[in-house]
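Visitor: return atomic coordinates for the entry below.
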Amino acid sequence: MTKQDEILFIESELNIQIPNSFRIFLLNQGSDLVFGLPLFGLPATYDYSSILGATAALRTVRPELLNYLVIRAVDDRLLCLDLENGSIQDAPLVEISMSDPNFPIQVHPSFKQYIEDSDRSKLSIEAGLNRIKQLFESNKKLKSYSHNSESKKIPFKARDWKIVRQCVHDYITGLLAFRHNERINGLEIEVFLTSDHSDYEQGHGLKAALVLLFSEAHKNGSSLCLKFLNNSIPLSILKLCEKTCIPLSQKNIGMIKHEESILIFSYLMGVDSTLISELKKISTDESFSLQGICYLVACKIWDVEQIKWVLFNSPRPLDTLFGKIHPEDFYQFDISISYARALISVDFLSRKLQNHQLKEGEIKIESHMSLFKITPYQFSILDWGIQSKKIEINSGEPIYVLPRPRYFVPNLIELLKADLETLVESCTVSSKRFILYPMELSKFPNFELLLNRLIKSLNINGAIGILFFPYSMNEIDELVFSKFKKVKSVRK
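Guide: As a prediction, this is how the structure comes out:
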């Protein structure tokens with residue numbers, strides 16, 4: 001059976017007419033890799049790896065969808081030609097979920113253009129790889145990749161070309177070649193190619209590449225200025241800036257200025273105006289900059305809500321966030337790390353509430369004055385109460401937590417009274433509110449009786465409770481110092 005006969009057989013079996021753009025693809029390639037992922041095609045069999053078999057499977061699961069031709073399957077997500085909204089010449093591409101009853105989502109306006117975009121991408125990648133090969137050979141000739149006792153040259157200096165390949169599950173999502181340029185006090189970029197893995201959100205390849213560049217510039221102590229050597233900022237970056245209303249004043253020469261890069265970096269890291277405003281109030285140290293905060297988030301040392309909470313609550317936020325703590329000053333040392341302990345204890349609490357039996361959904365954590373507001377996406381049970389009492393938390397029901405992991409409790413009554421007052425002042429709503437204490441405090445006799453008496457004497461209404469972190473303070477401190485070590489290791 002010829003390819004033309006196979007195409008006619010598919011049309012007959014499915015009672016459809018294949019657009020000319022896809023017909024040409026079948027006649028010329030049969031099947032192929034497009035944007036790094038396979039497209040179904042010929043032969044015309046009922047195997048799931050062919051357009052006939054995959055389309056038949058879609059109709060079995062979702063019989064209402066008869067005007068779609070499946071050309072790719074990744075897990076339960078299908079890439080299809082939308083024959084209903086297409087023509088004899090071409091058709092748009094849509095994504096359909098086998099398990100989600102929602103309508104198909106258009107992902108590209110034209111199959112023909114989709115193939116042309118893929119071909120251009122292949123040419124760009126090939127050109128980028130050739131340029132990277134030349135840069136590698138150039139570095140090799142300059143002996144940038146070797147170290148000997150005579151030259152004392154350290155390999156991979158910032159002014160040497162650095163070549164990076166980013167991958168997700170063996171799929172390349174980024175090819176970069178860049179180096180530090182002392183003249184502009186920033187990075188010059190020779191190769192910048194990005195793509196997305198189909199299992200992840202759109203634009204993640206671009207985000208990862210830009211975050212890497214900004215982090216590398218910050219780590220080396222330079223500005224975040226970026227200069228593209230072909231005098232042309234990549235279209236993907238221009239679209240991002242257009243979407244986020246970030247103006248680029250020197251795009252005609254392929255330059256992104258330091259201040260513009262900070263805006264992009266902040267957007268990518270989710271740093272909002274509230275955090276920026278709070279940072280401006282207390283920032284007196286040059287190293288405590290907005291790009292430094294973004295760098296902490298990029299390195300996954302602290303997240304945005306944790307940083308907000310520290311900025312609002314800690315008397316020495318720089319010490320807590322960047323690990324600039326000296327044990328010689330014991331009092332200040334304990335105060336500073338107590339806020340890091342608080343962040344870690346709340347992080348563990350959120351994991352406790354995150355039930356991994358379900359695939360969909362994610363717990364939400366927000367800074368709320370002295371508290372953390374935690375909203376689980378599903379029903380959870382906490383066994384961190386007094387005497388391991390189990391506490392039920394409903395799906396979507398926010399709880400407010402005041403984290404207080406600290407060593408010294410000279411007067412439990414005064415401590416508990418002060419914390420109860422802070423808890424009430426910071427949250428006047430009727431939601432469940434908790435103070436999170438270290439495990440050591442659970443050993444105090446008659447803790448629950450003392451708590452109830454204080455709540456009554458203070459005329460506190462609503463659901464107030466105590467949670468005990470089920471790890472010792474020594475274990476928490478080990479995690480704190482591990483964070484501080486990571487902060488220092490990622491910044492030269």
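Visitor: helices or strands up against the strand or helix carrying Lys486?
Guide: Following DSSP states H and E, one finds Lys486 within helix 473-490. Helix 473-490 sits against helix 330-353, with contacts defined as 3 or more Cβ pairs under 8 Å, 6 or more residues apart in numbering; DSSP states H and E. C-beta here means a position set from N, CA and C on the backbone, and glycine is covered the same way.
Visitor: kindly recompute the last result at 10 Å.
Guide: Helix 473-490 is packed against helix 204-219, helix 290-298, helix 317-322, helix 330-353, strand 432-438, with contacts defined by 3 or more Cβ pairs under 10 Å, 6 or more residues apart in numbering; DSSP states H and E.
Visitor: need the ones you listed in JSON lines (columns: mean neighbour count).
Guide: Formatted as JSON lines, the helices and strands packed on helix 473-490 follow (neighbours: other Cβ atoms under 10 Å):
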{"stretch": "helix 204-219", "mean neighbour count": "21"}
{"stretch": "helix 290-298", "mean neighbour count": "21"}
{"stretch": "helix 317-322", "mean neighbour count": "23"}
{"stretch": "helix 330-353", "mean neighbour count": "19"}
{"stretch": "strand 432-438", "mean neighbour count": "23"}
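Visitor: and the lowest mean pLDDT element among the helices and strands of this protein?
Guide: In the chain, no helix or strand scores lower on mean pLDDT, DSSP states H and E than helix 273-282, which sits at a mean of 73.
Visitor: C-terminal to whatever helix or strand Val401 lives in, what's the next element?
Guide: Element membership for Val401 (DSSP H and E) is strand 399-403. Reading on from strand 399-403 to the C-terminus, the next helix or strand found by DSSP H and E is helix 412-426.
Visitor: okay, the angle between that next one and strand 399-403?
Guide: 140 degrees (axes from the mean of the first three to the mean of the last three Cα atoms, to 10 degrees).
Visitor: thinking again about what came up before, neighbouring strands - and their directions - for the strand holding Val401?
Guide: Applying DSSP bridges to the sheet, strand 399-403 is found paired with strand 371-375 (antiparallel), strand 432-438 (parallel).
Visitor: let's see that strand as CSV, backbone CA atoms only.
Guide: Output of strand 399-403 as CSV, limited to C-alpha atoms (Å, rounded to 0.1, in the frame of the first residue of the first chain):
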residue,chain,number,x,y,z
ILE,A,399,-5.5,28.7,59.2
TYR,A,400,-3.4,31.4,60.7
VAL,A,401,-0.1,30.4,62.4
LEU,A,402,2.2,32.4,64.7
PRO,A,403,5.6,30.5,64.6
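Visitor: how far is that strand from where the chain is centred?
Guide: Distance of strand 399-403 from its chain centroid, counting by Cα atoms, centre = their mean, to the nearest Å, is 25 Å.
Visitor: what of stretch 118-133?
Guide: In this view, stretch 118-133 has its centroid 27 Å away from the chain centroid, taken as Cα atoms, centre = their mean.
Visitor: quick one: contacts of that stretch?
Guide: Residues from elsewhere that reach stretch 118-133 (Cβ atoms under 10 Å, 6 or more residues apart in numbering): 32-37, 39, 161, 163-165, 172, 175-177, 190-193, 195, 229, 234.
Visitor: could you rerun that using 6 Å?
Guide: With contact meaning Cβ atoms under 6 Å, 6 or more residues apart in numbering, stretch 118-133 is reached by Val34, Phe35, Ile163, Leu175, Ala177, Val191, Leu193.
Visitor: among those, which ones are in strands?
Guide: Of the positions in the contacts of stretch 118-133, Val34, Ile163, Leu175, Ala177, Val191, Leu193 sit in strands, assigned by DSSP state E.
Visitor: against Ile233, how distant is the second one?
Guide: Computed as Cβ to Cβ, to the nearest Å, the Ile163 to Ile233 distance reads 20 Å.
Visitor: great, nothing more from me.
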